[in-house]
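> Here's my sequence, what's the structure:
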Amino acid sequence: MMSVAVRPIKDAADVARVVQLFKEREKPFTVTITPGLPRTNPQNALQRKWVQEAAEQLGDGTPEEKRGYCKLHFGVPILRNEHPVFAEKYDRIIRPHPYAEKLEMMMDPLDFPVTRLMNTKQKTAYLDAMRVHFEGQGVVLTIPEAGA
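Down below sits the predicted model:
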(Lines give C-alpha, C1' and ligand atoms only; values in the text may rest on other atoms or scores of the structure.)
Protein backbone atom coordinates (compact mmCIF):
# COMPACT_ATOMS: atom_id res chain seq x y z
CA MET A 1 0.00 0.00 0.00
CA MET A 2 1.31 3.42 -0.96
CA SER A 3 1.67 6.00 1.82
CA VAL A 4 0.28 9.51 1.66
CA ALA A 5 2.86 12.29 1.23
CA VAL A 6 2.09 15.84 2.34
CA ARG A 7 4.64 18.43 1.27
CA PRO A 8 4.25 22.16 1.89
CA ILE A 9 5.62 24.12 -1.07
CA LYS A 10 7.18 27.48 -0.21
CA ASP A 11 9.87 27.96 -2.84
CA ALA A 12 11.57 26.58 -5.97
CA ALA A 13 13.65 24.11 -3.95
CA ASP A 14 10.45 22.60 -2.52
CA VAL A 15 9.04 22.29 -6.04
CA ALA A 16 12.20 20.47 -7.17
CA ARG A 17 11.93 18.03 -4.24
CA VAL A 18 8.30 17.25 -5.09
CA VAL A 19 9.12 16.74 -8.76
CA GLN A 20 11.81 14.25 -7.69
CA LEU A 21 9.29 12.52 -5.41
CA PHE A 22 6.88 12.24 -8.35
CA LYS A 23 9.57 10.72 -10.55
CA GLU A 24 10.45 8.10 -7.90
CA ARG A 25 6.91 7.27 -6.86
CA GLU A 26 5.24 4.09 -8.09
CA LYS A 27 2.61 4.93 -10.69
CA PRO A 28 -0.29 5.44 -10.90
CA PHE A 29 -1.06 7.96 -8.14
CA THR A 30 -3.27 11.00 -7.62
CA VAL A 31 -2.05 14.47 -6.71
CA THR A 32 -4.20 16.89 -4.72
CA ILE A 33 -3.11 20.51 -4.32
CA THR A 34 -4.46 22.42 -1.34
CA PRO A 35 -3.96 26.19 -1.00
CA GLY A 36 -2.11 27.52 2.04
CA LEU A 37 0.29 25.90 4.47
CA PRO A 38 -0.73 23.35 7.11
CA ARG A 39 -1.60 24.56 10.59
CA THR A 40 1.43 25.25 12.78
CA ASN A 41 2.65 23.71 16.02
CA PRO A 42 2.28 27.07 17.85
CA GLN A 43 -1.36 27.22 16.67
CA ASN A 44 -1.96 23.71 17.99
CA ALA A 45 -0.30 24.54 21.32
CA LEU A 46 -2.40 27.69 21.68
CA GLN A 47 -5.61 25.75 21.02
CA ARG A 48 -4.67 23.22 23.72
CA LYS A 49 -3.75 25.99 26.16
CA TRP A 50 -7.05 27.79 25.62
CA VAL A 51 -9.25 24.74 26.14
CA GLN A 52 -7.28 24.01 29.32
CA GLU A 53 -7.75 27.58 30.56
CA ALA A 54 -11.46 27.54 29.68
CA ALA A 55 -12.03 24.24 31.47
CA GLU A 56 -10.19 25.43 34.57
CA GLN A 57 -11.87 28.85 34.75
CA LEU A 58 -15.42 27.81 33.84
CA GLY A 59 -15.42 24.52 35.76
CA ASP A 60 -18.18 23.08 33.58
CA GLY A 61 -16.28 20.51 31.55
CA THR A 62 -12.94 18.95 30.76
CA PRO A 63 -10.42 20.36 28.30
CA GLU A 64 -11.35 17.50 25.93
CA GLU A 65 -15.04 18.48 26.13
CA LYS A 66 -14.12 22.10 25.36
CA ARG A 67 -12.01 20.90 22.42
CA GLY A 68 -14.90 18.81 21.07
CA TYR A 69 -17.29 21.75 21.42
CA CYS A 70 -14.92 24.06 19.55
CA LYS A 71 -14.33 21.55 16.78
CA LEU A 72 -18.08 21.10 16.25
CA HIS A 73 -19.14 24.74 16.61
CA PHE A 74 -16.21 26.58 15.00
CA GLY A 75 -14.10 24.11 13.03
CA VAL A 76 -16.85 22.22 11.25
CA PRO A 77 -18.45 25.37 9.74
CA ILE A 78 -15.05 26.61 8.51
CA LEU A 79 -14.22 23.31 6.81
CA ARG A 80 -17.74 22.66 5.48
CA ASN A 81 -17.49 26.03 3.73
CA GLU A 82 -14.00 25.54 2.28
CA HIS A 83 -13.31 21.81 1.99
CA PRO A 84 -15.77 19.88 -0.25
CA VAL A 85 -14.44 16.43 0.68
CA PHE A 86 -14.78 17.26 4.39
CA ALA A 87 -18.29 18.62 3.84
CA GLU A 88 -19.38 15.43 2.08
CA LYS A 89 -17.95 13.15 4.78
CA TYR A 90 -19.28 15.27 7.65
CA ASP A 91 -22.75 15.50 6.12
CA ARG A 92 -22.87 11.76 5.44
CA ILE A 93 -21.27 10.43 8.63
CA ILE A 94 -21.76 12.98 11.44
CA ARG A 95 -24.60 15.34 10.56
CA PRO A 96 -27.45 12.80 10.82
CA HIS A 97 -26.63 12.10 14.50
CA PRO A 98 -28.12 13.86 17.52
CA TYR A 99 -26.13 16.78 18.95
CA ALA A 100 -24.72 14.86 21.95
CA GLU A 101 -23.38 12.14 19.65
CA LYS A 102 -21.83 14.73 17.31
CA LEU A 103 -19.97 16.20 20.28
CA GLU A 104 -18.79 12.76 21.32
CA MET A 105 -17.55 12.04 17.79
CA MET A 106 -15.38 15.17 17.92
CA MET A 107 -13.56 13.94 21.05
CA ASP A 108 -11.18 11.12 21.86
CA PRO A 109 -11.28 8.24 21.21
CA LEU A 110 -13.24 8.81 17.94
CA ASP A 111 -11.77 12.27 17.24
CA PHE A 112 -13.31 12.97 13.81
CA PRO A 113 -10.63 14.98 11.96
CA VAL A 114 -11.33 18.69 11.85
CA THR A 115 -8.45 20.96 12.91
CA ARG A 116 -5.79 18.59 11.59
CA LEU A 117 -7.19 19.23 8.11
CA MET A 118 -6.88 23.01 8.42
CA ASN A 119 -4.36 25.29 6.82
CA THR A 120 -2.86 28.22 8.75
CA LYS A 121 -5.54 30.67 7.56
CA GLN A 122 -8.37 28.33 8.59
CA LYS A 123 -6.72 27.60 11.94
CA THR A 124 -6.35 31.35 12.56
CA ALA A 125 -10.09 31.82 11.92
CA TYR A 126 -10.78 28.89 14.25
CA LEU A 127 -8.62 30.35 17.02
CA ASP A 128 -10.28 33.76 16.56
CA ALA A 129 -13.71 32.14 17.00
CA MET A 130 -12.51 30.31 20.12
CA ARG A 131 -11.17 33.55 21.56
CA VAL A 132 -14.43 35.45 20.98
CA HIS A 133 -16.44 32.58 22.48
CA PHE A 134 -14.36 32.02 25.61
CA GLU A 135 -13.64 35.68 26.34
CA GLY A 136 -17.38 36.30 25.96
CA GLN A 137 -17.84 33.86 28.84
CA GLY A 138 -15.32 35.75 30.95
CA VAL A 139 -12.38 33.41 30.42
CA VAL A 140 -8.99 35.11 30.61
CA LEU A 141 -6.94 33.53 27.81
CA THR A 142 -3.21 33.60 27.35
CA ILE A 143 -2.51 35.77 24.30
CA PRO A 144 0.88 35.17 22.68
CA GLU A 145 3.11 38.12 21.98
CA ALA A 146 3.25 39.23 18.36
CA GLY A 147 5.98 37.34 16.53
CA ALA A 148 6.22 34.73 19.29
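
> From the rest of the structure, what touches the worst-scoring helix or strand of the chain on mean pLDDT?
One helix or strand of the chain scores below all others by mean pLDDT, DSSP states H and E: helix 12-24, with a mean of 91. By CB atoms under 8 Å, 6 or more residues apart in numbering, the residues outside helix 12-24 that reach it are Ala5, Arg7, Pro8, Ile9, Val31. All C-beta spots, glycine's among them, are computed from the backbone N, C-alpha and C.

> Met130 contacts Cys70, correct?
Yes. Between Met130 and Cys70 a contact is recorded at 5.3 Å, counting by CB atoms under 8 Å.

> Which neighbours do the two have in common?
Gln47, Val51.

> just to revisit the earlier point, report the two of the contacts of helix 12-24 separated the most.
Largest separation among the contacts of helix 12-24 by CB to CB: Pro8 and Val31, giving 14.4 Å.

> Please say which of these two ends up with more neighbours.
Pro8 (12 against 8; other CB atoms under 10 Å).
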